[in-house]
Each structure stands twice: as structure tokens, then as C-alpha cells.
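Q: for reference, the sequence and a predicted model appear below.
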Amino acid sequence: MSETAKSKSNGLESIATVGDYIAASGRNPRLRRNTHHYISDMLDHFGPDVVFEGIFGLEDQIKNVVLFFHAHGTSLERRLLLFVGPQGAGKSYMVDKIKKHLDLYSHTEVGALWGVIGCPFHQHPFDLIPHTQRDQIKEKMGIRWFPEAIPCPVCEQKIRKHGSWDAVPVERIHISTTGKCGLAKHTPTDLRREDITNFLGNINFSKLKKIGSTYDPESFDFEGKIIWANRGLLDWTEIFKSRRQLLGLLLELIQSKRIDMANFPTVHVDEIVLGHTNFPEYQVFVNEEIMEPLRGRIFKIEFPYGLDVDNEKHIYRKFIERTDHLTGQTKHVSEDTLSFVSTYAVKTRRETKGMNGLSPRFFQDVMSVAYTQAEECIDIETVSTAILKMFDHKSHKDLNVDKMKEIFEKTKEEFFHERVETFINRIIPTNKQFTDYGQKFYRNYLDAVARNVRGDKLSPTEEGLIQEVEDLLVAKEKISPKGKAAFESVLVERYEELEKMPYDKNEQLGVVINEVVFNHVKNFLRLSNKTKRIDEQSREVQKILRDCLIKDYGYCKHCSQVLFKVLGEHI
């Protein structure tokens, strides 16, 4: 069923006046909602997972936002919702998500809103009910409404024009920033020019000449952000940068749901004020004695930088996917590269528990530069270069850049060490290709020992292999320096038995052969850093390592080669 059909079936299409609206509200409880309740229902209608889709690592903040709005009908209806955190922590993004879905919700049947036609405040029809009749209507219809609600000056004129409050025409309205209905945003810029007219409008002097009275609403431009935001949300960024006299206006707005306007009676407004600020400015505000009345009327939600590596990875992975979609390209990025960037991001913030460090915006710009410079793969080297480059292109306040670079170098060293450990403890012992490679060395060693004991002339490769294995046996104290010949004799006596045995089951030789294999891996990595021409043995190691990284660790041919190169620089 279409939204129009649903509206007709619920009798909503017949609403044309305030009286019609009140009658319909007796049948439809949704028509009795105030703004706080309305936003709560919007969150339930779409679900937090949909409203806040694309926001990662802020689960606690989302729960607290939902809690705040679910608390309609309580004291939280008269509180400032305040997001506190450093720049780039996701405060504005979360607000934008709420605003977007308010717009969408107002176009649904369950989110239908009505306002007085031609009212700049888009006043709720309940605001026009005379105080003398409210108790009667409340008892009859079960309506709970603001006791301070009164018609605005424009609605007062309409009541006089139509002869009765319940005859004033109403229309369905839709929350929209461009339509100046239910949404407005204020950011303090030039404090010398920031005054109450930004919020409440001003006298229109060209109209005043014709009308002749400042008390006539026709001579006033009701063009202000508090007026536009009525029935929805006022997004007040960097709120504590505003002039203190405006914060007095804010106190009246959230506590009394009223605003005082020059030449007019106090006007009722029903909107949520959502402020953003950072921790230093919030602390200044908290320490101001004059702000004590406002301090007690705040519901604060802190937004520290993310401290979870997996959430950070998710953010950057989604960023790459989105960039692929926007640019029509497909660029590969390995999980290891995302882990490296995410680990570094978290380490820059951990000491301050997310209150300082490098922001997600910094790393989004890093990934943007790396994406632009990469041809097909965003590899570890490209990302590392982009991180260092980004320090030259950013302005940093209250941030020790030298310390951030020091953390970067430590993170890089730890990353490379972990990858070497991965090769030693995970890939080489468990990968079948490396097991086969080790088995080949084991048998070659046994064959070389047998030939040596028989007195055959050995090739330089055989001599080198015997020396490498037996030097390691001596170093690990598995044989004595003088016991090499005796050890070789025992191996020859047991040749048939040992030759059939998997090398890793041999108590003396298993660990040593693994180390020989790893030494070959290290030699290959060192060569990767110095030359593109490598010997046949190194090519075999390269193929095994690359195949394993591609199959089990999400690398591609390009980024695996880059990893070999950078590891070679650090071995």
C-alpha cells in the first residue's frame, strides 16, 4: 500500500484544520508526539543499524543517543544533548545521519507531521489550543502537551482572521534543511557579528515603512535558526565558542521551551538542541561559574578517537571500497596493510585514551594519497610514504609531531618483526610447500653425509650444506665440535630409516633444517632489497612465500613483492 493510500485509510488526508487534527489525534496516538518522542520513533522505525550505518567503533555513543531519545516524557526532554570529543571523532557524521533520517521519516506515513499553514515556526496544531480548553481536551483526548505552549504572533493573527483557533488551516510538513523546516545548523564564525538575530530574525524595515508598527508580525522577518529548527533539531557546532549571551538564550530554549522575541510575547518552540564541542572548550565552560545553570541541563556523550584496531580497519576498508565505487577503479589492499595503518592510528591515541592523537580524518587523507599514488595495489610502502608525507600537509595543534613519527617508526619495526615471526613460526613449519622444501634439504644433507663418509668428492653445494647444518647443530649443542665425524657415521648407519622419516620428526635435525630453510628465506629477502636478479634457489623460496601470502594472507603478487623488499631492508 502506498503512503498516500495508508494516509487515506487512517483518515489523515481529511485533516485540514487544527480542529480536524485534534479529532484525528484521538484515533492516532502518533499525532500527539512532541519532537523528542518523534525522533525516538524515527530511530525505532529505521533501527539504529540503518540510521548509523557506516559508523564504526562508536557503539556506546550510539546506545547513549538512542537512550536519550527513548527517554521522552522525562526530564531529558529539557536537556541539551552535547557531543564532546576531538575533531574527526565522528560527532558531525552522527548528527548528519540523524538529520538525514529525520527528513526521510517525515515523508513516511508513520512519520507524518502537520503544521499551521503559513507559520514560520511550523507550529504544532496543539500550540493553538487555548489554555481555557486544554484540561477538557486533555481529559477527553488523552493529550499530553507542553503547559507553556502558546500560538506564535503569526498564528495569533490567523486565529483572528479565521474567527476561531480550531478553524486555522494546517498542512502536512516535511523536515528539510533547504525548506527551513525542522532542521538548522549554527556554527560560530565572526563573534562580532553573531547575535540573537541569527536565531530569531529581525525587523524588516522596508515593510515597517508600509505597516508602521514594530508590533505587527507582518513587519518582522522570522528568519532565524531557532525558528527554522522548530519541530526538529538545531545542530549547534562548536557551541562553546558562541557568545555567552547566546548561551543564555540556549538555556531558555532547552529548559522552558520558549524564546523571548523583541516586541512580541514569548513564543513556544519544540526542538532538540544538539551541540558539539571539544574537550578543552568544554573544560573552560565547566569552570565558568556564570554557566552553572546550563551545566546542570546537559546530557553529555563523549566521542574519543577509536581505540579498537578491528574497527579502524573496517573504516579504512570501507573507505577504499567507496573510493573504488566513486572512481570506477578497483585497487587491492591487503589485510596486513590495513592492520598496519590501524595499529599505528590506535597507538597514537592510546596514551590519552582517545582524547588526542592522529584523527580518522588524518588517516582518511593518508589513504586518499596512497590510493592516488598506487597503480593497482595500495601496499605497505605506499602507505608508509603517505603517512610521512601527510605530516607536511597538516596543521597540528596540541600534538607532538616528532613523537607521532617516533611511534610510526616503532610500529613499522614491530610490524616487520611480526611478519618475520609469522614466516618462522607459522608459514615455514606448517606450509606444505615449505615442508617439502625442508624435506628436500634434509635428504640432500643425508645424501651428502653418506657420500662424505664413503670418501666421495663433494660439490661446493654439498660441502656448504653439511657445514651449515653441522655448525647449527654445534651452536645448539646437539653435537660437539669434535663429534661431527661420529655423528655422520651414525646417520649413515641409520640412513634407510632416516631417509624415510619426515624431517620434522627427527629430534636432532628437525629444528636445524627449519632454521636452514629460514636462512634461505632471509637470504632471499636480502636479495629482494638489492637486486631483481636472484638465483634458482631464491626463486623457489620466492614462489612458495608469494603463493602462501596470496592464498592465506590476502596479498597480491605486487604487494607480496613489496613486503619482501621492505623486510629485506630490516633483516
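A: Sure thing, it's come through. Residues are numbered from 1 along each chain as shown.
Q: helices of the stretch 401-550 of the chain, start to end?
A: Listed in chain order, the helices found in the stretch 401-550 of the chain under DSSP state H, counting those that start in this stretch are 401-422, 428-430, 432-454, 460-475, 484-493, 495-500, 510-530, 536-553.
Q: helices along the stretch 151-300 of the chain, start to end?
A: Using DSSP H, counting those that start in this stretch, helices in the stretch 151-300 of the chain cover 153-162, 197-200, 205-211, 225-229, 244-256, 279-286, 292-295.
Q: looking at those helices, which is buried most?
A: Among these, helix 225-229 has the highest mean neighbour count (mean count of other C-beta atoms under 10 Å), at a mean of 25. Any C-beta I mention is one placed from the backbone N, CA and C, and that applies to glycine too.
Q: any idea of the mean pLDDT for that helix?
A: Mean pLDDT, helix 225-229: 94.
Q: could you name the helices and strands sitting against it?
A: strand 183-186, helix 197-200 (3 or more C-beta pairs under 8 Å, 6 or more residues apart in numbering; DSSP states H and E).
Q: and the last one, what other elements does it pack with?
A: Read it as helix 197-200. helix 225-229.
Q: coming back round to it: nearest to Arg144 among the helices and strands packed on helix 225-229 would be which one?
A: Minimum separation from Arg144 across the helices and strands packed on helix 225-229 (C-beta to C-beta) falls at strand 183-186, 24.9 Å.
Q: domains of this protein?
A: Split into domains by automatic domain parsing, the chain comes to 1-32+108-173, 35-97+177-303, 309-418, 431-570.
Q: residues near Thr35, how many?
A: Neighbour count for Thr35, taken as other C-beta atoms under 10 Å: 24.
Q: ok, it touching Glu271?
A: Yes - counting by C-beta atoms under 8 Å, Thr35 touches Glu271, with 5.8 Å between them.
Q: now the common contact residues for these two.
A: 231-233 (C-beta atoms under 8 Å, 6 or more residues apart in numbering).
Q: so, low pLDDT: which residues of the chain?
A: 1-11, 190-192, 204-205, 208-209, 212-214, 424, 528-535, 537, 571 (pLDDT under 70).
Q: Ile550 and Ser560 touch, don't they?
A: Yes - counting by C-beta under 8 Å, Ser560 is a contact partner of Ile550 at 6.4 Å.
Q: quick one on the thing from earlier: the helices of the stretch 151-300 of the chain: which one's closest to Asn431?
A: helix 279-286 (48.9 Å).
Q: which ones are touching the residue nearest to Gln329 when sequence neighbours are not counted?
A: The shortest distance from Gln329 to any non-neighbouring residue, by C-beta to C-beta, 6 or more residues apart in numbering, is to Thr323 (7.9 Å). Residues in contact with Thr323 (C-beta under 8 Å, 6+ apart) are 329, 331, 367-368, 371.
Q: between these, which sits nearest Glu238?
A: Ser368 (25.1 Å).
Q: helix or strand: which one has that closest one?
A: Using DSSP states H and E, Ser368 sits in helix 360-373.
Q: which positions in that helix come out as buried?
A: 360, 362-363, 365-367, 369-371 (16 or more other C-beta atoms under 10 Å).
Q: residues making contact with it?
A: Residues contacting helix 360-373 (C-beta under 8 Å, 6+ apart): 87-90, 305-306, 312, 315-316, 319-320, 323, 331, 341, 345, 378, 382-383, 385-387, 389-390, 393-394.
Q: run the last query once more with 6 Å
A: Residues outside helix 360-373 that contact it (C-beta atoms under 6 Å, 6 or more residues apart in numbering) are 88, 316, 319, 323, 345, 378, 382-383, 386-387, 390.
Q: burial measure for Gly182, as a count.
A: 27.
Q: hang on, it packs against Trp228?
A: No - Gly182 lies out of contact with Trp228 (C-beta atoms under 6 Å); the separation is 7.8 Å.
Q: can you turn the buried part of the shared contacts of Thr35 and Glu271 into a ChimeraX selection?
A: The ChimeraX selection below is limited to those of these classed as buried (16+ other C-beta under 10 Å):
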select :231,232,233
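Q: which one of the shared contacts of Thr35 and Glu271 is nearest Tyr503?
A: Set against Tyr503, the nearest of the shared contacts of Thr35 and Glu271 by C-beta to C-beta is Leu233 (69.2 Å).
Q: so His36 versus Phe299, what's the distance?
A: Per C-beta to C-beta, to the nearest Å, His36 is found 11 Å from Phe299.
Q: which one of the two has more residues nearby?
A: Between His36 and Phe299, counted using other C-beta under 10 Å, His36 has the larger neighbour count: 23 against 16.
Q: so that one sits against Glu77, correct?
A: Yes - at 4.7 Å, His36 and Glu77 qualify as touching, with contact defined as C-beta under 6 Å.
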